[in-house]
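Need a 3D model of the sequence below.
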Amino acid sequence: MPDGSKFYGEQTSHHPPITNFLLEGPNNMYRFSGFFEYKAWLTGVNSIGGSRIGKQIFSFNDGGLLSIKDPTMQLNGLITGERCLNFIGQMFILDHINKLEVIVTYNPTVQASGGGMFKSFKNKLFGGSKKDAQTTDSVLIEIF
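Predicted coordinates:
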């Protein structure tokens, strides 16, 4: 890459689909490595859900070590309407050296009020505007 970073990636399995990767930062400042297994499922007639399961490790030249677990994603508007990708649930980031954990919760107010596909459907059915739907997006971050 232009900044001196090096990226390596390979799909090592077709069934299930698994991708391994390594990103080395310039001057070995960091390494981002791991693997993903991709999963997908139907969540409605017009939407699909998906997740990346695997390991994501950041290691830094000062000894720092982080791992990440991704949230679930949902893609709406596959057949009709505007396409929209939403993160659902939680992302976990663990600092192994300092023993800290960060939990990022995507759209907690939407989930608590019966969100997801049906929240969007209710907004369209009962005259909710797109602007109203966007204002429900929020992220809750907790550090332990």
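
Show me the beta-bridge partners of Ile103.
Under DSSP bridges, the beta-bridge partners of Ile103 are Phe92, Glu142.

contacting residues around Phe60?
29-30 (C-beta atoms under 8 Å, 6 or more residues apart in numbering). Glycine gets a C-beta too; all of them are placed from N, C-alpha and C.

my bad, Asn46
Shown in contact with Asn46 (C-beta under 8 Å, 6+ apart): 76-81.

Now a ChimeraX select for only the buried ones of those.
Under the burial definition 16 or more other C-beta atoms under 10 Å, those of these that qualify are selected in ChimeraX by:
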select :76
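
Nearest to Tyr106 among the contacts of Asn46?
Among the contacts of Asn46, Asn76 lies closest to Tyr106 (C-beta to C-beta), at 14.4 Å.

Got phi/psi on that closest one?
In terms of degrees, to the nearest 10, the main-chain angles of Asn76 are phi -100, psi 160.

Repeat that for Thr80.
Dihedral angles (degrees, to the nearest 10) for Thr80: phi -130, psi 160.
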